[in-house]
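1. Have a look; sequence and predicted model below, questions after that.
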Amino acid sequence: MNDLRQVGELYNSICDAIEEKNKAIASALKNRQGTKSLREEKKRLKEQLKSFVDSLTPEQYQAYKDYKKIRRQIKVSKFQKQCDKIEKKVFKKLNPAYIYMIPAGIGAVFFTLLPCIFMIVGSFFKLDLVNLSKSEFRDIWNYQMIFTRDKEFLRSIGNTVIFAILTVFLLMIVTTLMSAWLSRNTKIHNFAQTLIFTPHISSMVSVAILWTLMLDPVGIVNQVLALFGIEDPNWLMDTRTSLISVALVTVWKSIGYYCLIIIAGLQSLPKDVYEAAKLDKASKAVIFRKITLPLLAPTLSFVFIMKFINSFKSFAAIDVMTQGGPQGSSMVLGYWIYNEGRVKFNYGFSMAGAVIMTIMVASFVLLSQYLMKRNSQTDKPSKRKLKQTQIRGKDNER
């Protein structure tokens, strides 16, 4: 036992001497002094430690490993204490929330802000991404060309606005009505929520392939319509129906996600308001129109803005189902940007189109927020009426 204790004492003394030499070397370097003799002494101590380890018996070597492990754990605990002290000093001077935001901030800078700046700058150049030094500055020439010479670009703007209006308003109506029914907490309604949410889990590419087969001239949709005397509409190859078909597929996939958001909003509404309305013998239609929709306005505005932004970014469904055709009837701005950049390699036009799309989305979002704030201010009297109705209902209960 004493031999094993001596092994630990000798090992610790050599290690302490090596650490002292490291400190001496660091201070000598800081003071710009010679470190040759100190390094030689350190080397000698390491050789002494090596020869000491080689001379140990198996039992002594096991004790040496245990002491080495303990010493490493002591170093780790000292390092953790130093880190804790530094952390306390930092958190005293800086809000911890800013530190936790650093990973998200790095992602936003490198994957959002810098690409956005590159897009704006690149829209004024004839870009050569293989050799950027060969790029030519063209001022606003890219913008002039896409607005005056490219008829497909102008058509894609119109298609994008139509696509956004179709998908947003159709989704708002369908999801609001479905959510009002699905918000009940029963087994049937919970099962229906699962079924409706399932398409959102699937990728847009797989959904688009499925609907391409279903909307084929000999697909299941036309087979069902043939039972009612409607013969062979060519949904995806007809200029009148191609954009509408893609819009319906996009809405079908998105219904589940936005339904859950609206259901969460419905379940957070105060129940006493509904109880007061029932005491006043208000019909379900009146309750839905006068109480549910005004109270649900913040949730609906969030759904409206998110779906509006996503409708402008629509790409996968167009690429799989129509590729912008036929005759550009389903060419939206997002697919036009891809076609100009990745197919035609005209990155200047593509970035100019992306800037235009960003301005359009920002303008529509700001306008919608302004209108919703204006409506919320006009709805304040109706909210006062709701409170009066609620108080009157409580008085009737008494």
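-> That came through fine.

2. Every contact and neighbour count from this point should use C-alpha atoms.
-> Noted.

3. show me where the stretch 251-398 of the chain has helices.
-> In the stretch 251-398 of the chain, the helices defined using DSSP state H, counting those that start in this stretch lie at 271-279, 284-287, 293-295, 297-312, 316-321, 333-338, 347-378, 380-397.

4. Out of those, which gets nearest to residue 253?
-> Closest approach to residue 253 among the helices of the stretch 251-398 of the chain (C-alpha to C-alpha): helix 316-321, 10.5 Å.

5. list the helices and strands the closest one packs on?
-> helix 204-214, helix 242-267 (3 or more C-alpha pairs under 8 Å, 6 or more residues apart in numbering; DSSP states H and E).

6. okay if I get the ones you listed as TSV plus mean neighbour count, mean pLDDT and distance to residue 303?
-> Converted to TSV, the helices and strands packed on helix 316-321 look like this (neighbours: other C-alpha atoms under 10 Å; pLDDT from 0 to 100; distance: least, C-alpha to C-alpha, whole Å):
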stretch	mean neighbour count	mean pLDDT	distance to residue 303
helix 204-214	17	92	19
helix 242-267	21	90	7
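
7. For these, give me JSON lines that also has distance to residue 317.
-> As requested, the helices and strands packed on helix 316-321 are exported to JSON lines (distance: least, C-alpha to C-alpha, whole Å):
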{"stretch": "helix 204-214", "distance to residue 317": "5"}
{"stretch": "helix 242-267", "distance to residue 317": "7"}
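
8. Among those helices, single out whichever gets nearest to residue 123.
-> Comparing the helices and strands packed on helix 316-321 by C-alpha to C-alpha, helix 242-267 comes nearest, at 28.3 Å.

9. so that closest one versus helix 297-312, what angle?
-> If you take axes from the mean of the first three to the mean of the last three C-alpha atoms, to 10 degrees, helix 242-267 sits at 150 degrees to helix 297-312.

10. Check the offset of helix 242-267 from the chain's centre.
-> How far helix 242-267 lies from its chain's middle: 18 Å, per C-alpha atoms, centre = their mean, to the nearest Å.

11. now swap in stretch 309-318 and tell me
-> With C-alpha atoms, centre = their mean, you get 15 Å for stretch 309-318.

12. Now do the end-to-end distance for that stretch.
-> With C-alpha to C-alpha, to the nearest Å applied, stretch 309-318 spans 16 Å between its terminal residues.

13. Quick one: mean pLDDT for it?
-> Here stretch 309-318 scores 88 as its mean pLDDT.

14. And for stretch 164-179?
-> Average pLDDT, stretch 164-179: 90.

15. buried residues in it?
-> Using 16 or more other C-alpha atoms under 10 Å as the test for burial, stretch 164-179 gives 164, 166, 167, 168, 171, 172, 175, 176, 178, 179.

16. tell me which element the first one is part of?
-> Just to be clear, that refers to residue 164. In this assignment (DSSP states H and E), residue 164 forms part of helix 151-182.

17. Show me what the following helix or strand past that helix is packed against.
-> Downstream of helix 151-182, the next assigned helix or strand under DSSP H and E is helix 187-201. Packed against helix 187-201, as judged by 3+ C-alpha pairs under 8 Å, 6+ apart, are the following elements: helix 151-182, helix 242-267.

18. so what secondary structure elements neighbour the longest one?
-> Applying 3+ C-alpha pairs under 8 Å, 6+ apart, one finds that helix 151-182 makes contact with helix 141-148, helix 187-201, helix 242-267, helix 297-312, helix 333-338.

19. And for the last one?
-> Based on contacts counted as 3+ C-alpha pairs under 8 Å, 6+ apart, the elements that helix 242-267 packs against are helix 151-182, helix 187-201, helix 204-214, helix 297-312, helix 316-321.

20. Report the angle between that helix and helix 187-201.
-> Calculated by the same axes, to 10 degrees, helix 242-267 forms an angle of 130 degrees with helix 187-201.

21. likewise the longest one?
-> For helix 151-182 and helix 187-201, the angle between their directions (the same axes, to 10 degrees) works out to 160 degrees.

22. Helix 151-182 versus helix 347-378: what angle between them?
-> 40 degrees.

23. Same question for the last one.
-> On the basis of the same axes, to 10 degrees, helix 242-267 is oriented at 40 degrees to helix 347-378.

24. which ones are touching residue 265?
-> Counting by C-alpha atoms under 8 Å, 6 or more residues apart in numbering, residue 265 makes contact with 296, 299.

25. wait, isn't residue 168 in contact with residue 301?
-> No. If you go by C-alpha atoms under 8 Å, residue 168 and residue 301 don't touch, sitting 11.2 Å apart.

26. To residue 225, which of the helices and strands packed on helix 316-321 lies closest?
-> Nearest of the helices and strands packed on helix 316-321 (C-alpha to C-alpha): helix 204-214, 12.0 Å.

27. how far is whichever helix or strand comes after that closest one from where the chain is centred?
-> Remark: after helix 204-214, the chain's next helix or strand is helix 220-226, criterion DSSP H and E. Chain-centre distance of helix 220-226: 38 Å, with C-alpha atoms, centre = their mean.

28. export helix 220-226 as PDB, just CAs?
-> Only the C-alpha atoms of helix 220-226 are listed here, as PDB (Å, rounded to 0.1, in the frame of the first residue of the first chain):
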ATOM      1  CA  ILE A 220     -59.300   9.000 -61.600                       C
ATOM      2  CA  VAL A 221     -60.600  12.600 -61.500                       C
ATOM      3  CA  ASN A 222     -61.800  12.400 -65.200                       C
ATOM      4  CA  GLN A 223     -63.200   8.900 -64.600                       C
ATOM      5  CA  VAL A 224     -65.400  10.300 -61.800                       C
ATOM      6  CA  LEU A 225     -66.400  13.300 -63.900                       C
ATOM      7  CA  ALA A 226     -67.300  11.000 -66.800                       C
END
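
29. What is the lengthiest helix in the chain packed up against?
-> Counting residues, the longest helix found in the chain (DSSP state H) is helix 58-93. Packed against helix 58-93 by the contact rule (3+ C-alpha pairs under 8 Å, 6+ apart) you find helix 2-30.

30. what pLDDT, on average, does the next helix or strand after the helix it packs on get?
-> Sequence-wise, the next helix or strand downstream of helix 2-30 (DSSP H and E) is helix 36-54. Average pLDDT, helix 36-54: 79.
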